[in-house]
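Novice: Compute the structure for the input listed below.
(one chain, ligands or ions: 2)
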Amino acid sequence: MNCMALEQRGEALLVDCGVTFDDRGRGVDVVHADFSPLDRLGAAIRGVVITHGHEDHIGALPYLLKRHDVPVYGPPYALGLVRERLVEHEVLAHARLIETAPGRAFELGSFHIEPIRVTHSIADATALAIRTDVGTVIHTGDFKFDPSPPDGEDFDIARFTALGDEGVTLLMSDSTNIDVEGETGSEADVGHALERQIESAPGAVIVAMFASNIHRLRMLGDIAKRTGRKIVLLGRGVGTHAKVARGTGYLPWPDDIVLPEHLARERPRKEILAIATGSQGEERAALARLARGDHPLFDVAPGDRVIMSARTIPGNEPEVYALLGQLIRKGAEVITARTDRGVHVSGHAHRPDQRRMIELVRPKCFVPVHGTIHHLSRHAQLAREMGVPSVAVTENGRVVEVTEDRVMLGETIGAGRIYEWFGQEVAPSVLRMRGWLAEAGVAFCVVTYGALGVTDVLLEMRGVMDDDRAGADQEAAVREVKQALANAFEHASDDDRAEITRQAIRRALKHRRGIKPVTIVKVVRK
Ligand SMILES: [Zn+2]
Ligand SMILES: [Zn+2]
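Specialist: Ligands and ions are numbered 1, 2, ... in the order given. Alright, predicted model coming up:
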């Protein structure tokens with residue numbers, strides 16, 4: 001969920017505004033950075049500059065724009081995706097979206113910004129050279145050096161070299177793959193591997209991938225043409241990306257190469273090249289539905305080949321392997337980057353390419369970005385070894401002060417996470433409670449008092465127990481409640497009695513089962 005502010009003379013510009021999806025099991029849609037530390041910065045926000053269209057760089061714009069009415073600058077393809085997001089959130093009408101282009105500099109307050117073409121796993125990716133009062137700051141965005149990008153838009157190495165010759169104060173560079181040695185690999189190589197797999201497949205081919213990788217979509221269009229297949233788009237994400245990419249000219253597919261999904265079942269299987277979302281095992285995505293056999297428009301059959309053209313994000317392995325198992329049971333042959341290394345490459349520079357970036361720019365100062373503290377520290381170490389004079393590692397919420405020749409850690413203004421659910425912020429207390437409910441289940445108890453004392457204790461539980469002993473344990477808990485209330489002080493308030501009841505239920509269940517569910521008690525008087 002990338003979002004960085006550069007501030008000078010009381011003005012700020014934001015670089016990127018993204019989301020993350022890493023909060024599973026608590027029912028939230030997306031997570032983005034808390035924007036309130038921006039207020040503590042005390043600067044007027046002049047605008048947001050987007051480097052490229054990945055969700056971790058654009059996804060939080062709808063939420064930011066609801067709070068700050070500022071212009072958004074970005075490459076056409078990224079803005080195409082931003083428009084789709086803003087329509088969903090009904091903030092498009094008043095949004096100011098301004099297209100940027102490599103080499104075309106623009107002013108934003110006291111900042112002078114020049115986008116520079118880089119290559120990455122999405123089309124139309126840029127780095128930014130930002131002229132400030134203390135010199136040039138280069139933010140790489142996400143990048144790798146791809147020697148043969150499928151869209152022919154080459155990495156502008158010459159521009160980085162020229163800026164390096166001129167003198168760069170600060171380089172901020174993508175740290176994702178700091179631990180990976182060896183060549184990063186080209187998208188074109190992935191194209192060759194995919195073509196080999198698709199050509200030799202006896203039945204339908206289903207390629208699972210991140211829909212944002214337009215390079216790969218483009219190559220799959222060419223491969224479909226050459227192998228006599230038609231493209232079938234399965235999943236909302238891939239439909240959106242294909243639509244935006246065709247609209248912005250990044251996906252020059254001829255009209256007849258795409259087969260409407262509802263015709264997919266009617267064609268011979270050998271003519272199908274399906275592209276599906278859900279490479280991470282997401283249960284509602286197209287690939288999982290195919291694996292379960294409940295996709296409305298297509299089925300996996302024996303002899304089909306499923307190609308996982310994506311990396312499995314750490315943590316998602318159990319879901320992904322379960323999904324692959326289901327596909328194999330359906331008779332499909334599954335190809336992953338483990339069985340055929342060629343079918344996926346990363347969009348982020350490996351360590352040698354990160355070194356190359358530092359060599360091109362030769363900055364006076366270095367701040368690694370885009371990674372965990374582990375990645376940032378390792379990248380910082382690399383920069384120090386290469387002789388960059390001033391290096392700082394910062395984490396979310398910590399200011400870095402930049403002078404003409406030094407970076408220093410400054411004050412902590414704080415950083416938080418905002419959890420969005422159906423377009424609304426979820427309070428931290430709600431999330432905490434969801435976690436407890438998931439872990440422990442819930443017990444509800446209503447204690448009714450008549451004139452002569454307790455007349456009824458009603459106990460209901462959900463997500464706690466459902467076995468042969470459940471009835472007896474529940475009765476034991478009710479007995480414990482009655483006992484505890486009988487011993488209560490005569491003048492105890494209803495709140496006190498509710499608390500006594502709550503503790504009695506938890507005590508009884510702890511004693512008999514070792515569990516303490518979330519317990520809610522209501523005392524009523526007749
Ligand atoms: Zn990216
Ligand atoms: Zn990213």
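
Novice: When you work out contacts or count neighbours from here on, use the C-alpha atoms and nothing else.
Specialist: OK.

Novice: all helices of the stretch 401-526 of the chain, in order?
Specialist: Along the stretch 401-526 of the chain, the segments classed as helices by DSSP state H, counting those that start in this stretch run 428-440, 470-486, 494-513.

Novice: OK, contacts around residue 99?
Specialist: Shown in contact with residue 99 (C-alpha atoms under 8 Å, 6 or more residues apart in numbering): 73, 74, 75, 76, 79.

Novice: Keep those, but drop any that are not near ligand 1.
Specialist: The subset of the contacts of residue 99 within reach of ligand 1, by C-alpha under 5 Å from the ion, is empty.

Novice: out of these, who has the most neighbours?
Specialist: When neighbours are counted by other C-alpha atoms under 10 Å, residue 74 leads those with 27 neighbours.

Novice: what's the closest non-adjacent residue to it?
Specialist: Distances taken as C-alpha to C-alpha, 6 or more residues apart in numbering put residue 50 closest to residue 74, at 4.6 Å, once the chain neighbours are dropped.

Novice: what's the closest residue to ligand 1 within the stretch 351-500 of the chain in contact with, if anything?
Specialist: Nearest to ligand 1 in the stretch 351-500 of the chain, going by C-alpha to the ion, is residue 370, at a distance of 9.6 Å. If a contact means C-alpha under 8 Å, 6+ apart, then residue 370 has 2, 173, 174, 175, 176, 376 as its contacts.

Novice: give me the number of residues near the third one?
Specialist: Using other C-alpha under 10 Å as the criterion, residue 174 is surrounded by 25 other residues.

Novice: one step back: check the helices of the stretch 401-526 of the chain for me and report the most buried one.
Specialist: helix 494-513 (a mean of 18; mean count of other C-alpha atoms under 10 Å).

Novice: residues making contact with that helix?
Specialist: Contacts to helix 494-513, defined as C-alpha under 8 Å, 6+ apart, come from residues 447, 473, 476-478, 480-481, 484-485, 488, 515-517, 519-523.

Novice: Please apply the same query to stretch 101-117.
Specialist: Contacts for stretch 101-117 (C-alpha under 8 Å, 6+ apart): 8-9, 11, 13, 46-47, 51, 75-76, 100, 124-132, 153-156, 159.

Novice: Now with 6 Å, please.
Specialist: 126, 127, 128, 129, 130, 131, 132, 155, 156 (C-alpha atoms under 6 Å, 6 or more residues apart in numbering).

Novice: Ligand 1 next: which of the residues you listed are close?
Specialist: Near ligand 1, by the rule C-alpha under 5 Å from the ion, you find none of the contacts of stretch 101-117.

Novice: of all those, which two lie farthest apart?
Specialist: 132 and 155 (24.0 Å; C-alpha to C-alpha).

Novice: Make TSV from the helices of the stretch 401-526 of the chain and add distance to ligand 1 to it.
Specialist: TSV is the format used below for those (distance: least, C-alpha to the ion, whole Å):
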stretch	distance to ligand 1
helix 428-440	28
helix 470-486	51
helix 494-513	48
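
Novice: In JSON lines: those helices, plus mean pLDDT.
Specialist: Formatted as JSON lines, those follow (pLDDT from 0 to 100):
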{"stretch": "helix 428-440", "mean pLDDT": "90"}
{"stretch": "helix 470-486", "mean pLDDT": "95"}
{"stretch": "helix 494-513", "mean pLDDT": "96"}
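
Novice: Make JSON lines out of the ones you listed and add distance to residue 169.
Specialist: Shown next, in JSON lines, are the helices of the stretch 401-526 of the chain (distance: least, C-alpha to C-alpha, whole Å):
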{"stretch": "helix 428-440", "distance to residue 169": "40"}
{"stretch": "helix 470-486", "distance to residue 169": "68"}
{"stretch": "helix 494-513", "distance to residue 169": "61"}
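
Novice: With respect to residue 64, which of the ones you listed lies nearest?
Specialist: helix 428-440 (19.2 Å).

Novice: Contacts for the closest one, please.
Specialist: By C-alpha under 6 Å, 6+ apart, helix 428-440 touches residue 517.

Novice: Let's see that with 7 Å instead.
Specialist: Under the contact criterion C-alpha atoms under 7 Å, 6 or more residues apart in numbering, helix 428-440 has outside partners 26, 464, 516, 517, 518.

Novice: gap between whichever residue of the stretch 251-400 of the chain sits closest to ligand 1 and residue 210?
Specialist: Residue of the stretch 251-400 of the chain nearest ligand 1, by C-alpha to the ion: residue 347 (7.2 Å). Taking C-alpha to C-alpha, to the nearest Å as the measure, residue 347 falls 11 Å from residue 210.

Novice: Leaving out chain neighbours, which residue sits closest to residue 299?
Specialist: Closest to residue 299 by C-alpha to C-alpha, 6+ apart is residue 290, at 5.8 Å.
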